[in-house]
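Colleague: Just the structure for this:
(2 chains)
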Amino acid sequence: MSVISPPEVGSRSTPQVGRSMARVDAAEKLRGEAQFVGDLVVPRMLHGKVLRSPFAHARIRSIDSTAALAIPGVVTILTAADLMDIDPFYGHAIKDRPILAIDRVRFAGEPVAAVAATEPAIAEAAVRAIVVDYEELPPVASLDAALELGAALVHDDPLRPGDFHGLGTLPEREGNICYRYGIERGDIDAVFATADIVIEGDYVFPSVYQYAMETHSVVAQVDSGGIRIWATCQHPFLVRAEIAALFNEPLGRVRITVPYLGGGFGSKSYTKMEPLTVALARKAGRPVRIVNRVDESMVTTRRHNVKARVRTAATSDGRLLARDVQASFDTGAYADNGPRVTATGGDAAPGPYRWSAIRVQADCVYTNTAPSGSYRAFGASHLQWAGELQVDEVARRAGLDPIEIRRRNLLRPGEQVRPGGTPLDADLIGDVEKVAEALGWSRDPVAGTGRGVAVGLLAAGAHPVSSAVVRMEADGTAVVLVGSTELGQGQRTAFAQIAGEVLAMPAEQVTCRGTDTEFTPYDRSTGASRSTTLAGLAVQRAADAIRTDLLDIASTIWPDEVASITLRDGAAWCGAESRSYPDLIAKRFGLSGGQLIGEGGVHPMGTGSYAEGPVFWEVCIGAAEVALDRETGVVTILRTATIADVGRAINPQLVERQDEGATMQGIGNALFEEMVFSDGVLVNDNLLDYRIPTVMDLPAASECVIVENADGPGPFGAKGCGEGALAGIIAAVATAVSAAGVPVRELPLTPERVWRAIQTTNRSDDQEEATP
Amino acid sequence: MGAPRPDGRRLRPRRVALIMHIDLELNGARVALNVEPSALLLDVLRDDLGLTGAKLSCDVQVCGACTVLVDGAPVSACSFLAVEADGRAVQTIEGFRETPAFAPIAAAFTRHAALQCGFCTAGMVLTVHALQQAGDLTDEASIRHGLAGNLCRCTGYRAIVDAVTDLTVSASAE
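Modeller: The predicted structure is shown next:
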């Protein structure tokens, strides 16, 4: 342990929280040493490849693996026939998904068989040699088709609720609708009937691919010791539970190790390729690694496309009265996280305004397309832009500035957001004023440009169950064990700072490693902006237990001055005297060995149901200024601003990085990202045809304003961030393009779509001029 | 590191009879390899030689996660035949990190937190080095142009541009 220079008597310990400490994983990642699942090699490991259905909907008449099995190096081929000894269905929300298609495929890309071979190319060759006799069936290829009266059913078995949906009692399916979320408050029809201003519109949000650069990858091993998995999973403990249930193993015999993840953004939340890899390894009797290609990951999960009808009622002077939203979320062939996405979308739909009446009906709909799941800021990203376009339209008709109408109508802290839920826990009006200032709202607008601002809320935190263990080693350094996944957001750095702050020691001396379900305590999930808030709170409490321990030991050294003992810079102090942490630990254990162990946990205060939540409302605020080329329809983002309303920034630099990343994803979602399906088959299934933002798309200026009102439920008043800006920017780009004079009804705002909208507007303008 | 595995495990099926012999300089050491004509440099590096710093992502030469340097120029190893490396110098992040040019780039990226998940990082660092060597980093426009072939889904690029701008400014101040 290094020598501690004695601080001034009475001085505070060096603050660890609130400083932009360098990422603890920077060196490993820069040096190319950080290990990802696809880098791992397990002895005797085989390579798995998956045969996927080319059809969106088909009956499987037969599968002939004879020729494939004859290829030298092929060890085994898995088909649904190998799963008859287990109940092969999984799904945390709805147990609707078989490990492999059984008799029927429901989307193009659905796994039908899998090969394990000694080399990837052999496995690939064997996949091509499997002969499947399909009877092609007409697909339910779109939301409209799925919702038609008498539409064919994507699923016709009774709905089986999953173990982790957290949405109360799941009712039966209604046709292809697998879940409905509704909010109703006030007499909505009466308000609309008498309102001065009524805005109505139909809106379309596209399907989007998360594109974590690392594809879904799993290594699995099944033997008499149990099931061992290395996987790209954001929620290892939930995956463990699903694997244990599928393969009839106790939880303790399923071990999941999560190394670094090459991005997640929701695409690696819940169970993805793990069951198939385990089933293949089980049959092969050897470890198997499956690494998806990009086209495979694109049909593993995606963002729901949505069609929505939105109505807003207001008074002629711009008082918002009522909001009515009917939205359909296309969850594809299997529910995945669709029900939660739909509920969160329903919560986000009204917008955080003081409505007299709201009505939301959000439906989660099966279609014969690739399954949809979580993607950063789900729900808010889908619907905030539509509602905010209508707020701006009310402002135009009422002659109000977009900032002013929001200032007048936004909820204030403590007001109800939705019946029965957490009241508003943020200063939205202050946030809007800050984002407007950051964008330069007071500057005179330039011709051919448009400016937009957008406000929304996202139900964040998911289910509040997290736990952590902090150990202090004999040398005075500390280790944090927490089951939260590092997927780029920097939570290991934040946890080190939280523990360092509590323990009055440099965060650089705190080590935080990845999840191994055998050693790290339970954490529900890494998503919903919950890690710093909830896992961070568990870390804080675990560190606090050690702090108490250290003070206990110190009180035996200075028994008469217990009240004046403080912890500072890695030592206990009593006046000018000090004992370093290693000294204190040696005092307890006699020799220079032993370990102090602290535990901390977070659990729900009420029943933990979704209806009582959320843990906190994540603020979704963005502002954008765009230039519009009316000849080509090209939209250029000139500048953006976002608000990171984080309560307390544990690491300000990492907070900014979250907003910067979310901003670029928002620009991609708003301007050009769109998965195109033709009869249910994904057409643009590669990075040439599906474009994500490059550095060339970076706006000339983008600012992230950090707001610290210490109003979060997490450690030191913190609350999560990193998602809100994505929804805020999508909506801000939409409102900015609308302000530039282009009607916006459908995203993304591709040049063609914008150009067509301009032509339509020009034509209707001409007509208006021609008709006096 | 640098020699083929003793068990001679190869990526492609044995059914292909044709094997080509190549000699290259890999991270400063001379390496002799037997590869199939269709073998991709990325697979040889990752699977045969255990050099996993270069990553496979898009597989179509768009994302830059598999970037390595061949005779000092960045190439996408996912779309580069191993036989094309015959007689040439290949540098991966495992080699570059041991050279003096690595530290300033790493320091700038660390200072700006210009990395998050780390999947694109090695490719990004190698590209920056190659651009530096070629004198192609003069202003923000040249930085953007030079890095347009390296995707990063996490950072939103701002911090990366700032980090590289730092390098450019400190280089021109010297």
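
Colleague: For the rest of this, base every contact and every neighbour count on C-alpha atoms.
Modeller: Noted.

Colleague: Roughly how far does the residue nearest to B:Leu41 when sequence neighbours are not counted sit from A:Gly414?
Modeller: Closest residue in space to B:Leu41, ignoring its immediate chain neighbours: B:Ala82 at 4.1 Å, by C-alpha to C-alpha, 6 or more residues apart in numbering or on different chains. As judged by C-alpha to C-alpha, to the nearest Å, B:Ala82 and A:Gly414 stand 63 Å apart.

Colleague: what sits against the residue nearest to B:Leu41?
Modeller: For B:Ala82, the contacting residues are B:Val35, B:Pro37, B:Ser38, B:Ala39, B:Leu40, B:Leu41, B:Leu42, B:Val44, by C-alpha atoms under 8 Å, 6 or more residues apart in numbering or on different chains.

Colleague: if you look at those residues, which of them are in helices?
Modeller: B:Leu41, B:Leu42 (DSSP state H).

Colleague: which of the contacts of B:Ala82 count as buried?
Modeller: Buried members of these, counted by 16 or more other C-alpha atoms under 10 Å in any protein chain shown: B:Val35, B:Ala39, B:Leu40, B:Leu41, B:Leu42, B:Val44.

Colleague: Could you pull up the residues touching the most centrally placed residue in chain B?
Modeller: The C-alpha lying nearest the average C-alpha coordinate of chain B belongs to B:Val68 (C-alpha atoms, centre = their mean; 2.2 Å). B:Val68 sits next to B:Ala54, B:Pro74, B:Val75, B:Ser76, B:Ala77, B:Val90, B:Gln91, B:Thr92, B:Ile93, B:Gly123, B:Leu126 when contact means C-alpha under 8 Å, 6+ apart.

Colleague: Neighbours of the fifth one, how many?
Modeller: For B:Ala77, the number of neighbouring residues by other C-alpha atoms under 10 Å in any protein chain shown comes to 26.

Colleague: so how far is chain A from it?
Modeller: To chain A, B:Ala77 is 15 Å away according to C-alpha to the nearest C-alpha, to the nearest Å.

Colleague: What about B:Ala141, how many residues nearby?
Modeller: For B:Ala141, using other C-alpha under 10 Å, the count is 11.

Colleague: The helix or strand harbouring it vs chain A: in contact?
Modeller: Per DSSP states H and E, B:Ala141 falls inside helix B:140-147. Yes: applying C-alpha under 8 Å from any C-alpha of the partner chain, one finds helix B:140-147 touching chain A at B:Arg144, B:His145, B:Leu147.

Colleague: Now, of those residues, which are buried?
Modeller: The neighbour-count test (16+ other C-alpha under 10 Å) marks B:Arg144, B:Leu147 as buried among these.

Colleague: right, is the following helix or strand past the helix holding B:Ala141 up against chain A?
Modeller: Using DSSP H and E, the helix or strand that follows helix B:140-147 towards the C-terminus is helix B:158-173. Yes: with C-alpha under 8 Å from any C-alpha as the criterion, chain A is reached by helix B:158-173 at B:Arg158, B:Ala159.

Colleague: buried ones in helix B:158-173?
Modeller: By 16+ other C-alpha under 10 Å, the buried positions in helix B:158-173 come out as B:Arg158, B:Ala159, B:Ile160, B:Val161, B:Asp162, B:Ala163, B:Val164, B:Thr165, B:Asp166, B:Leu167, B:Thr168.

Colleague: so can I have a markdown table of the residues you listed showing pLDDT?
Modeller: As requested, these are exported to a markdown table (pLDDT from 0 to 100):
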| residue | pLDDT |
| --- | --- |
| B:Arg158 | 97 |
| B:Ala159 | 98 |
| B:Ile160 | 98 |
| B:Val161 | 98 |
| B:Asp162 | 97 |
| B:Ala163 | 98 |
| B:Val164 | 98 |
| B:Thr165 | 97 |
| B:Asp166 | 95 |
| B:Leu167 | 94 |
| B:Thr168 | 88 |
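
Colleague: quick one on the thing from earlier: could you work out the most separated pair of the contacts of B:Ala82?
Modeller: Using C-alpha to C-alpha, the contacts of B:Ala82 span at most 13.6 Å, a distance reached by B:Pro37 and B:Leu42.

Colleague: Could you pick out the residues of the stretch 1-150 of chain A near chain B for me?
Modeller: A:22-23, A:26-27, A:29-34, A:39, A:119-122.

Colleague: Report the two of the residues you listed separated the most.
Modeller: A:Ala22 and A:Ile122 (43.9 Å).

Colleague: Test my guess that A:Ala641 contacts A:Glu437.
Modeller: No: counting by C-alpha atoms under 8 Å, A:Ala641 sits too far from A:Glu437 to count as a contact (9.1 Å).

Colleague: if you count what's nearby, which of the two comes out ahead?
Modeller: The neighbour comparison of A:Ala641 against A:Glu437 (other C-alpha under 10 Å) goes to A:Ala641, with 30 against 15.

Colleague: If you average the pLDDT over the helix or strand where the more buried one lies, what comes out?
Modeller: Per DSSP H and E: A:Ala641 is located in strand A:635-645. Throughout strand A:635-645, pLDDT has a mean value of 98.

Colleague: strand partners of it, parallel vs antiparallel please.
Modeller: Neighbouring strands of strand A:635-645 in its sheet, by DSSP bridges, are strand A:616-628 (antiparallel), strand A:701-707 (parallel).

Colleague: In PDB, could you pull the C-alpha coordinates for the first one?
Modeller: Think strand A:616-628. Taking Å, rounded to 0.1, in the frame of the first residue of the first chain, the C-alpha atoms of strand A:616-628 are listed here in PDB:
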ATOM      1  CA  PHE A 616     -37.600   7.200 -11.700                       C
ATOM      2  CA  TRP A 617     -38.700   9.100 -14.800                       C
ATOM      3  CA  GLU A 618     -35.800   9.500 -17.200                       C
ATOM      4  CA  VAL A 619     -36.000  12.800 -18.800                       C
ATOM      5  CA  CYS A 620     -36.000  12.700 -22.700                       C
ATOM      6  CA  ILE A 621     -35.100  16.200 -23.900                       C
ATOM      7  CA  GLY A 622     -33.500  17.200 -27.100                       C
ATOM      8  CA  ALA A 623     -33.100  20.200 -29.300                       C
ATOM      9  CA  ALA A 624     -32.000  20.400 -32.900                       C
ATOM     10  CA  GLU A 625     -31.400  22.900 -35.700                       C
ATOM     11  CA  VAL A 626     -31.600  21.600 -39.200                       C
ATOM     12  CA  ALA A 627     -31.000  22.900 -42.700                       C
ATOM     13  CA  LEU A 628     -33.300  21.800 -45.400                       C
END
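
Colleague: what separates it from the chain centre, distance-wise?
Modeller: Relative to the centre of its chain, strand A:616-628 is centred 18 Å away, using C-alpha atoms, centre = their mean, to the nearest Å.

Colleague: With stretch A:615-632 instead?
Modeller: Its chain's average C-alpha position is 19 Å from that of stretch A:615-632, according to C-alpha atoms, centre = their mean.

Colleague: cool, stretch A:377-396 as well?
Modeller: That offset, for stretch A:377-396, works out to 20 Å (C-alpha atoms, centre = their mean).

Colleague: now stretch A:416-424
Modeller: 22 Å.

Colleague: Please apply the same query to stretch A:742-761.
Modeller: Distance, centroid of stretch A:742-761 to centroid of chain: 29 Å (C-alpha atoms, centre = their mean).

Colleague: Setting the sequence-adjacent residues aside, check what's closest to the residue in the stretch 1-150 of chain A that chain B sits nearest to.
Modeller: Closest to chain B within the stretch 1-150 of chain A is A:Gly32: 4.4 Å, counting by C-alpha to the nearest C-alpha. Distances taken as C-alpha to C-alpha, 6+ apart place B:Gly53 nearest to A:Gly32, at 4.4 Å, with adjacent residues excluded.
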